[in-house]
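>>> Here is my input, please return the structure:
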Amino acid sequence: MVLALKLPAAQSGTDPERIWTALANGRPNDVLRALRGGEGSRAEKLAWAAARIGGQPATDDHMRAAESVLAELARGDDELAAQAAYLRARIYQVHLSVPDYARAAELYGELARRWPGSHWSQQGLVKLAVLKLYVLPDSAAPDSDRLAPAEALLERISEPRLKRDLHLQIGQAGVVLHQPLARFLPHLVAADRIGGVSGTAREDLIVQIGVLSERSGLWSQAKDYFERYLAEYPTNVRAFTVKQKLDEATRRVAKGSGA
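Residues are numbered from 1 along each chain as shown. Presented below is the predicted three-dimensional model:
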């Protein structure tokens, strides 16, 4: 767990830079040895709680100890409090042996209300959307439209990277939940247009949009994405199949088929 915090100098004699480096490098047990839970500055308490979450052994008792410290810190009104509130929600979502998704959703909602412009609040909205998509479907939304509750959160996110992540989550959920192509394909396209997807995920996204556009009869869009794929990954093992698909899309566009 990497935290975007910089610890101030503390009266306890700890080295803030060393603590930050240990957290950033995935050495939470080093931080636990350097700090004592419930003591020190607020930043040190936050670092201890983050390390307790990521440290070993990862028992429920350890998670509860971290949650208690984070609950105290979240009573503040600064960015550190927002970060503590986010980590507290994450404990309930992923770090307990039996997750409490409803409690996590409640805490993400509270975080968003208290710090609507915070990075941690907006990141929490992406996590909340995942809960709404998969484990806490909105009872007011019909089963035929499982994407709507997550889509409603998009307008509350201003950070491009996080908006892209939510578009991706909605798009991929549309595939998993067998939603209509017309409902989720635009989200994948929106994520691609925002940009920033890299590596294998970028390659997969380009070919996925091309294939789904083909299935939707959006031949011009399919052609564009197949051309992009071949331009960027000409030697990939999928290139031969994509070239065949491009030929078909080109023929369809020439005949005036589809958008």
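>>> make it CA atoms for all contacts and neighbour counts henceforth
Noted.
>>> doesn't residue 226 make contact with residue 210?
Yes. Counting by C-alpha atoms under 8 Å, a contact exists between residue 210 and residue 226, whose distance comes to 5.8 Å.
>>> what number of residues lie near residue 85?
Per other C-alpha atoms under 10 Å, the neighbour tally for residue 85 reads 28.
>>> so where's the stretch 101-250 of the chain shaky on pLDDT?
Low-confidence segments of the stretch 101-250 of the chain (pLDDT under 70): 139-144.
>>> Do a quick rundown of the helices in it.
101-114, 119-134, 148-151, 160-176, 181-194, 199-216, 219-232, 239-254 (DSSP state H, counting those that start in this stretch).
>>> The fourth one to helix 199-216, inter-axis angle?
With axes from the mean of the first three to the mean of the last three C-alpha atoms, to 10 degrees defining the directions, helix 160-176 sits at 50 degrees from helix 199-216.
>>> So for helix 160-176, what gets flagged as buried?
When burial is assessed from 16 or more other C-alpha atoms under 10 Å, helix 160-176 yields the following buried residues: 161-174.
>>> Please identify which of the helices of the stretch 101-250 of the chain is closest to residue 26.
Using C-alpha to C-alpha as the measure, helix 119-134 is the one of those that comes nearest residue 26, at 20.2 Å.
>>> what separates that closest one from the chain centre, distance-wise?
Averaging C-alpha coordinates over helix 119-134 and over its chain gives two centres that are 7 Å apart (C-alpha atoms, centre = their mean, to the nearest Å).
>>> So which other helices or strands are in contact with it?
Applying 3 or more C-alpha pairs under 8 Å, 6 or more residues apart in numbering; DSSP states H and E, one finds that helix 119-134 contacts helix 79-90, helix 101-114, helix 148-151, helix 160-176.
>>> mind listing what residue 124 touches?
Shown here is residue 124, whose contacts under the criterion C-alpha atoms under 8 Å, 6 or more residues apart in numbering are 86, 108, 111-112.
>>> Sorry, wrong one. I was asking about residue 249.
Taking C-alpha under 8 Å, 6+ apart as the definition of contact, the neighbours of residue 249 are 214, 219-220, 222-223.
>>> most surrounded residue in these?
Within these, most neighbours by other C-alpha under 10 Å means residue 222, with 29 neighbours.
>>> Once you drop chain neighbours, what's closest to it?
Nearest residue to residue 222, sequence neighbours excluded (C-alpha to C-alpha, 6 or more residues apart in numbering): residue 210, at 4.4 Å.
>>> picking that back up, present the helices and strands packed on helix 119-134 as a markdown table; the columns should include distance to residue 55.
A markdown table is the format used below for these (distance: least, C-alpha to C-alpha, whole Å):
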| stretch | distance to residue 55 |
| --- | --- |
| helix 79-90 | 14 |
| helix 101-114 | 21 |
| helix 148-151 | 32 |
| helix 160-176 | 27 |
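>>> closest to residue 137 out of the ones you listed?
Residue 137 lies closest, by C-alpha to C-alpha, to one member of these: helix 148-151, at 7.8 Å.
>>> Report all helices and strands that that closest one contacts.
Identification of packing neighbours for helix 148-151 by 3+ C-alpha pairs under 8 Å, 6+ apart yields helix 119-134.
>>> Using CSV, write down the CA coordinates of the helix it packs on.
Taking C-alpha atoms only, helix 119-134 is exported to CSV below (Å, rounded to 0.1, in the frame of the first residue of the first chain):
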residue,chain,number,x,y,z
HIS,A,119,-8.4,12.9,-4.2
TRP,A,120,-9.2,10.3,-1.5
SER,A,121,-12.9,11.1,-1.7
GLN,A,122,-12.9,10.6,-5.5
GLN,A,123,-10.9,7.5,-5.3
GLY,A,124,-13.4,6.2,-2.8
LEU,A,125,-16.2,6.9,-5.2
VAL,A,126,-14.5,4.5,-7.7
LYS,A,127,-14.4,1.9,-5.0
LEU,A,128,-18.0,2.6,-4.1
ALA,A,129,-19.0,2.1,-7.8
VAL,A,130,-17.4,-1.3,-7.8
LEU,A,131,-19.4,-2.3,-4.8
LYS,A,132,-22.6,-1.1,-6.5
LEU,A,133,-21.8,-2.9,-9.7
TYR,A,134,-21.0,-6.3,-8.1
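>>> Before I go, just wanted to say thanks for your time.
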